[in-house]
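Participant: Build me a model from this:
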Amino acid sequence: MDARAAARLLKGVRAAALAGNRPPAAPRPEIAESWRRMLAGGVHPDRDARSRMLSAAETEERRHVSPLREVLPVLREGLLPALDEALHIMVVADADGRLLWREGHSSILRKADRLGFAVGADWDEAVVGTNGVGTALVARRPVQVFSAEHFVSSHHDWTCAGAPVRDPRDGRLLGVVDVSGPLATMHPATLAWVSSVARLAERELRVRHLESLERLRTVAAPLLARLPGRALVVDPNGWTAAVTGLVPAERIPLPKVFGPGPVWVPQLGQCVVEPLPGGWLLRVAQDRTTTAASRIVLDLSRARCWSATVYGPSGSWSQELSPRHAELLFLLAESPRGRTAAELAGEVFGDPTRTVTVRAELSRVRRHLAGVLAHRPYRFAEDVEVELIRPRDPAALLPHSTAPAVVRARLGRTGSGMIP
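Facilitator: Residues are numbered from 1 along each chain as shown. Alright, predicted model coming up:
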């Protein structure tokens, strides 16, 4: 169907949804989810709400700190050449939904001004309803909003397609690039086009990150060559530039509170941290006995939300657990004397020959719980206090686990390989 027929149909779908009636067609899932959020949040379907515009100084400050400014050339090159002909505009918003840059066809820019679609405006979904900027931020995936799919009726003459842009260094959502224009100019390929350009922007950020790591590496390599013991250099996000005396790891999770001086780092234990241009030098303490973790809390009380929290001299940190890692740590918590790989394989898989799988999984666990787990046999370190929090109902313990030892524990029984 053509654009106008589609718009008429969507207005009927929206009207039925607002009235609680059966719609002539089902709205797309992402649109239906957004409409439910709007109804629950009290957004008025026929009243165009506006929040305070950012001042020029506030906008410029946000532009200055946004990593998206680094990829504006990529976005412009990928989108602007076609916008004049398509009668569309490009908008770049930050993670709060604030519009920071806007370019495109002059006549469409004037129409956007009347809609409040201007630099400094807040296009968060909770403020202006379903739209290509705010809804893409909430859904965290590319979204196209056509005509009456916009929750607020004043937006029905527009169509927009927005795609999130993430920081490849830490996965953080940086904002959204959006292409918008009048209803009649909509093209079904617009969303794929905008999404592709957003991916190009992320790739550019990744290239810039690799270049910054290489610059840090040139500083780090001669420094580490002169240092005794174990040390590594990481960038501000924990990505490794160089190591000495350690098995290289692509990235080290850094504590939230991090800076120069003694710091407890999950994978390494106690470290002395020193600043470097573009990163940090981490020197691993030689005496691990006085700086190791003192306590671990293994929380299996919540369904599919299992965690291990480690307490050390410099504070605590938590690690979410996969179902397999939760099983293994539960078994070790129940076995203070420790278990061999063959014994754990029997307890988890019912097959003591599957030692390779057990060793591989425990190797992954120990990368995050360095200083907490020992091996030969596998066990919690002797000087670590272990607290196991079970669900109140024994039957709710790792409910989907088929590990024989866990099944026995759910039934309140002990058996070979389990210590009462």
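Participant: Provide a list of residues in contact with residue 46.
Facilitator: 152-154 (Cβ atoms under 8 Å, 6 or more residues apart in numbering). All C-beta spots, glycine's among them, are computed from the backbone N, C-alpha and C.
Participant: Restricted to helices, list those.
Facilitator: Among the contacts of residue 46, none falls in helices (DSSP state H).
Participant: And the strands in the stretch 151-300 of the chain?
Facilitator: 158-166, 173-182, 231-234, 240-244, 261-265, 269-276, 279-284, 295-299 (DSSP state E, counting those that start in this stretch).
Participant: and residue 121, which of these is closest to it?
Facilitator: Closest of those to residue 121 is strand 173-182, at 12.3 Å (criterion: Cβ to Cβ).
Participant: about what we covered before: now render the strands of the stretch 151-300 of the chain as TSV, adding mean pLDDT.
Facilitator: Converted to TSV, those look like this (pLDDT from 0 to 100):
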stretch	mean pLDDT
strand 158-166	95
strand 173-182	95
strand 231-234	93
strand 240-244	94
strand 261-265	88
strand 269-276	87
strand 279-284	92
strand 295-299	90
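Participant: Nearest approach to residue 333 belongs to which of those strands?
Facilitator: By Cβ to Cβ (comparing all of the strands of the stretch 151-300 of the chain), the closest turns out to be strand 295-299, at 5.4 Å.
Participant: what packs against the closest one?
Facilitator: Applying 3 or more Cβ pairs under 8 Å, 6 or more residues apart in numbering; DSSP states H and E, one finds that strand 295-299 contacts strand 307-312, helix 323-333, strand 385-389.
Participant: could you dump the ones you listed to a markdown table with mean pLDDT, mean neighbour count and distance to residue 90?
Facilitator: Listed next are these as a markdown table, based on pLDDT from 0 to 100; neighbours: other Cβ atoms under 10 Å; distance: least, Cβ to Cβ, whole Å:
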| stretch | mean pLDDT | mean neighbour count | distance to residue 90 |
| --- | --- | --- | --- |
| strand 307-312 | 80 | 19 | 42 |
| helix 323-333 | 92 | 21 | 44 |
| strand 385-389 | 92 | 14 | 51 |
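Participant: Make a markdown table out of the ones you listed and add distance to residue 205.
Facilitator: Listed next are the helices and strands packed on strand 295-299 as a markdown table, based on distance: least, Cβ to Cβ, whole Å:
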| stretch | distance to residue 205 |
| --- | --- |
| strand 307-312 | 30 |
| helix 323-333 | 31 |
| strand 385-389 | 40 |
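Participant: Helices of the stretch 51-200 of the chain, residue ranges please.
Facilitator: 56-65, 72-86, 106-115, 125-128, 134-139, 190-225 (DSSP state H, counting those that start in this stretch).
Participant: ok, and the most crowded of the contacts of residue 46?
Facilitator: residue 152 (20 neighbours; other Cβ atoms under 10 Å).
Participant: what about the residue sitting nearest the centre point of the chain, distance to residue 165?
Facilitator: By Cα atoms, centre = their mean, the chain has its centre lying nearest to residue 171, at 4.9 Å. Noted for residue 171: a distance of 12 Å to residue 165, by Cβ to Cβ, to the nearest Å.
Participant: follow-up on the earlier one: so can I have TSV of the strands of the stretch 151-300 of the chain showing mean neighbour count and distance to residue 108?
Facilitator: Output for the strands of the stretch 151-300 of the chain, formatted as TSV (neighbours: other Cβ atoms under 10 Å; distance: least, Cβ to Cβ, whole Å):
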stretch	mean neighbour count	distance to residue 108
strand 158-166	25	10
strand 173-182	25	6
strand 231-234	24	45
strand 240-244	21	45
strand 261-265	17	51
strand 269-276	17	48
strand 279-284	22	44
strand 295-299	19	53
